[in-house]
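> got a structure for you, letters missing:
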């Protein structure tokens, strides 16, 4: 990269890509060409920067200038002002939501300050479709190191010593998993990369694959060397076309360079990777279901044991690791277990990528050391709650995680602490809720997802979750009883205790954690027939305060179902039996006469 | 033998390595309830998807409850099968299952014979909380010529899927849809008629609920019996007499031939005949065909294809028409005994009693559901008048007898009518796997060698092994015989034939495990293979007690040839008793 003295990095992740970041790149290149700067300034389409809230992102190096919400037509200004005249384009700079000041250097942004990017080390930095850029960042050096300097046992020991635990959700020690797979003798073994990211709102794996696909390929080859496998399979959902494309490019380039294929680095070790496409079933993220899907069977889990390490793809020993787990492997090998195991908490080492979403200022993808508190993530990196509202809860672990509250904000995040608090790490979804969220509805929302995504194999998940959802509906409809709350808890506990796979065993978590932390809201729905957050339509009533009503008739005119009656210049009334609670009247009223009660 | 020591319900037990908690508990007399689990151990069939979660137990140091059916015992394991936690989970899960199951037990075909009903009762479920607002998963009903599907009653035990795919390799049924709407059905939720289904009925035989049942043809039979213009003739298959008693609480393996005849007569049938008679006729035709083909083959005639395959089983015929249409000239062209009976009854016998075939109704009592389809095949009717009008299963007959207020157990033994009621021991053993080929050997041996067969029992052809083979000495000619029961086993032999690797001269195939005694229309055995063994023993007992045990010695068969058919494989015999096969391979057409 040395012959250029400036680089313009444009985010090419799915989010920014959809907001025309391609056109930004073209326009920038056209501008540079017009100004004769193409041999001094290079424009690179990179992977995701993580700051999706304000995409498309354009970063100018070496001064770390971070432009947000850039439009293709801004290319001219950036080139003319910043590149040629050396003046930052202030209107495109990020503004701190609290101080409203512009931040010129991305290192000073709250969003990046507390992050430690290990897995995402190359995302937003290199062109993922150029293997040379990966190699320039020490890419494939770890693979070279293991093949030339280490025995498979040493590799496994290194990973074991690093203390890394699987990022797919359950947190099983990676080194131990490799060791078990390595000990099972077989003529064929498989390294499987689980890229079936299915949590709503989660895009950790997608970003890694889009931004740094070679890190995953390199890790798979390292794993293949360690466990004695020559085949690698990436199970990726077909709805990730950009990630699929970049993987295909990366695989082709790696093969061309001899980094995948026969006799890698002139050794006896051969390894190659193929893609397998998933149709987007959430349960196929469960490793046995994933393997069945790859085999062309129905994507549904089977009982473990046998674990895939014993009998996996085509009945052969298979090691299944998640994308994020794998992406950290090369750097662990290069920097050593003792570097990695100093990051994080006692039992959870390294960093974790989270997809921040919900009622938070900085929605996006972040990576922090294990042990960072929820407060740091939400209020420092995340920039706090939107519109100055009050924080109420955060759902971690995706749809089958749990809702944590104010009292958990200072808990250092790691696998065990989250479970102890009644939630889980999951794959790293984090959805923040504010005072306007009804927690019963939140539980219902997440459950709706698991009801949709259950494979239907075992009765507790297939029918139980449906019944839970129906009971929650009863409660939000104001038809619940106190006895129903007991039943809700019992059903949840039984589903958790008796379901076949991880999906069913965790699906009631949103119900249980909201019952634990927001019982008062449930009781309000059941006893007082009120929704404290004012979200449950059947529990609210639109009411006209007679003192405020001037009889302007605006509300009556806007009501789509003619529920409002009253003469001109007289107090109006809403007939609750007819009202459909659309809220049109409240919006129309200029006198604050209409309230929800 | 490596053993495992564990503790179940506070008792120590040592079991063979690999034993599941369920089986270990059973060894100790602890009956952990199961619903989806099905064990046909003699046939190496085990369905244990771990889906119903009724068999869950508590295993110390495990976070979740474990399904006993599919969790293997480990050293030092401490298992509790009836703690409060287990009982609560079992009950709650059962309430879930029942909440998505119709409550029409009063009018359900499986009522009284339903494993779900039994389990609800065993667990003492008396109400289903939340039922008033519980949505039910509903599906379109489907009726084929043989099998009725009511998926509203499917509990996803997957037994039918195991039978259809793993055992029969028919591949008609598999899980479809996801989550709450998941059920077992043909691909794309097609009707069974448009699937690869062979109507073997093994899915019906293992269905724990009323989701899969036979098409009930008793109303048709009743209507015929009530019609004074109709002469109603009934034939009853060999396997029926070895199983019907079970429906009346008799021990499995009780032979009820005489009572069966009396019951049929009491029901009002005008003539009570025996399919065993036409089984003897089948042997004459098929045996002659075999010898003819074999002789031509041995004489170097390349057009004479060997092996010859039996063709009495309609499920099997459907199977090779679907999966091996390229081999459709390999099986014997002889019709099945059911259809031979119909063809003779509506010609020879109708002429004898001077009844027009249109005024004669032939009913068959079969252990089989595919027979319902078979009798509806176009080629088995004359001007729209079927040779066999209706086929009802052993189960349907049992219900029919009960409806007619007949105390079956106390019936006197009756005798079949002449001339189509006389049979030999060879006809009887058609009901068990290996029986057809044994019967054929008894006759073919004597016809081929011209010598008297000294040892009538070919024990080497009997048994329950899925694929069996034996070499029979035909006075110096070693005849290689293959036997398969269960369509998956048949497929293995057929693949060999297709690849030209088959060493056999003749192969007997029965679609159902055990042969007709294990047919899809028999009283439900709920996976107990001891019942199948008892039925097989009964069949061979009946054979041993018969005065005549070779088909060609049946005097009424001889008479039939003398008076009507001429000789075996004559032109008339070909016209009436032989058939041809069709390419029925399903083609999936995806609409653009």
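Cool, the structure landed. In this text, all values refer to a predicted model and were calculated from it rather than measured experimentally.
> ok now do the residue nearest the centre of chain B, which residues does it touch?
Most central in chain B under CA atoms, centre = their mean is residue B:519, positioned 1.4 Å from the mean C-alpha point. Taking CB atoms under 8 Å, 6 or more residues apart in numbering or on different chains, we find residue B:519 in contact with B:201, B:205, B:239, B:366, B:367, B:368, B:369, B:393, B:394, B:512. The C-beta positions use only the backbone N, C-alpha and C, and glycine is treated the same way.
> Quick check: chain neighbours aside, which residue is closest to the residue of chain B positioned farthest from its centre?
Distance to the chain centre peaks in chain B at residue B:61, reaching 45.0 Å (criterion: CA atoms, centre = their mean). Excluding its sequence neighbours, the residue lying closest to residue B:61 (CB to CB, 6 or more residues apart in numbering or on different chains) is residue B:78, at 7.9 Å.
> what sits against residue A:293?
Residues in contact with residue A:293 (CB under 8 Å, 6+ apart) are A:235, A:276, A:278, A:279, A:281, A:284, A:299.
> Is the fourth one in contact with residue A:198, as I believe?
No - using CB atoms under 8 Å, residue A:279 makes no contact with residue A:198, being 11.1 Å away.
> just checking, which of the contacts of residue A:293 belong to strands?
Members of the contacts of residue A:293 lying in strands (criterion: DSSP state E): A:235, A:276, A:278.
> For residue B:457, state which of these is nearest.
Nearest to residue B:457, judged by CB to CB, of the ones in strands among the contacts of residue A:293 is residue A:276 at 56.1 Å.
> so that closest one makes contact with residue A:238?
No - contact criterion CB under 8 Å: residue A:276 and residue A:238 do not qualify, at 10.1 Å.
> Looking at these two now, which is surrounded by more residues?
Shown here are residue A:276 and residue A:238; by other CB atoms under 10 Å in any protein chain shown, residue A:276 has more neighbours (19 against 11).
> helices or strands up against the helix of greatest length in chain B?
Longest helix in chain B, counting residues (DSSP state H): helix B:275-298. Applying 3 or more CB pairs under 8 Å, 6 or more residues apart in numbering or on different chains; DSSP states H and E, we find helix B:275-298 packed against strand B:231-236, strand B:308-309, helix B:337-344, helix B:425-428, helix B:435-449, helix B:555-560, helix B:571-577.
> could you check the angle helix B:337-344 makes with that helix?
Angle between the axes of helix B:275-298 and helix B:337-344 is 100 degrees (criterion: axes from the mean of the first three to the mean of the last three CA atoms, to 10 degrees).
> that older thread, mutual contacts of residue A:279 and residue A:198, please.
Listed contacts common to residue A:279 and residue A:198 are residue A:237; contacts here mean CB under 8 Å, 6+ apart.
> These two: who's more crowded?
Per other CB under 10 Å, whichever of residue A:279 and residue A:198 has more neighbours is residue A:198, with 22 against 11.
> what residues go with each domain of chain A?
Per automatic domain parsing, the structural domains of chain A span A:6-109, A:131-340, A:351-434, A:439-526, A:541-596.
> neighbours around residue A:157, how many?
17.
> what's the nearest residue to it if we skip its chain neighbours?
Nearest non-adjacent residue to residue A:157 (CB to CB, 6+ apart): residue A:175, at 7.3 Å.
> Low-confidence ranges, the stretch 101-250 of chain B, go.
For the stretch 101-250 of chain B, no stretch is flagged by pLDDT under 70.
> quick one, helices of it?
Here the stretch 101-250 of chain B has its helices, by DSSP state H, counting those that start in this stretch, at B:115-122, B:159-161, B:202-206, B:218-226.
> export the ones you listed to CSV and tack on mean neighbour count?
What follows is these, written out as CSV (neighbours: other CB atoms under 10 Å in any protein chain shown):
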stretch, mean neighbour count
helix B:115-122, 18
helix B:159-161, 24
helix B:202-206, 27
helix B:218-226, 16
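> Name the residues of stretch B:284-293 that come out as buried.
Of the residues in stretch B:284-293, B:284, B:285, B:286, B:287, B:288, B:289, B:290, B:291, B:293 count as buried by neighbour count, 16 or more other CB atoms under 10 Å in any protein chain shown.
> Point out the most buried one among the helices and strands packed on helix B:275-298.
Among the helices and strands packed on helix B:275-298, helix B:425-428 has the highest mean neighbour count (mean count of other CB atoms under 10 Å in any protein chain shown), at a mean of 30.
> ok, residues contacting that helix?
Identification of contacts with helix B:425-428 by CB under 8 Å, 6+ apart yields B:238, B:274-280, B:283, B:337, B:435, B:438-439, B:442-443, B:456, B:539, B:542-546, B:548-551, B:554.
> Can I get the buried part of those residues as one ChimeraX selection?
Buried residues among the contacts of helix B:425-428 (16+ other CB under 10 Å), as a ChimeraX selection:
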select /B:238,274,275,276,277,278,279,280,283,337,435,438,439,442,443,539,542,543,546,548,549,550,551,554
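> Alongside chain B, which residues does the stretch 251-400 of chain A contribute?
Listed as neighbours of chain B in the stretch 251-400 of chain A under the rule CB under 8 Å from any CB of the partner chain: A:281, A:298, A:300, A:302, A:303, A:305.
> Find the nearest non-adjacent residue to the closest residue to chain A within chain B, please.
Residue of chain B nearest chain A, by CB to the nearest CB: residue B:182 (2.5 Å). Spatial nearest neighbour of residue B:182, excluding adjacent residues (CB to CB, 6+ apart): residue A:456 at 2.5 Å.
> neighbours around that neighbour, how many?
When neighbours are counted by other CB under 10 Å, residue A:456 registers 23.
> dump the residue contacts of it.
Counted by CB under 8 Å, 6+ apart, residue A:456 has contacts A:300, A:462, B:156, B:175, B:177, B:178, B:179, B:180, B:181, B:182.
> Could you check how sure the model is about stretch A:559-567, as an average pLDDT?
Stretch A:559-567 shows a mean pLDDT of 93.
> Oh, that last question was meant for stretch B:419-436, not what I typed.
The average pLDDT within stretch B:419-436 is 94.
> measure it end to end?
End-to-end distance for stretch B:419-436, by CA to CA, to the nearest Å: 22 Å.
> same question, stretch A:11-21
End-to-end for stretch A:11-21, by CA to CA: 7 Å.
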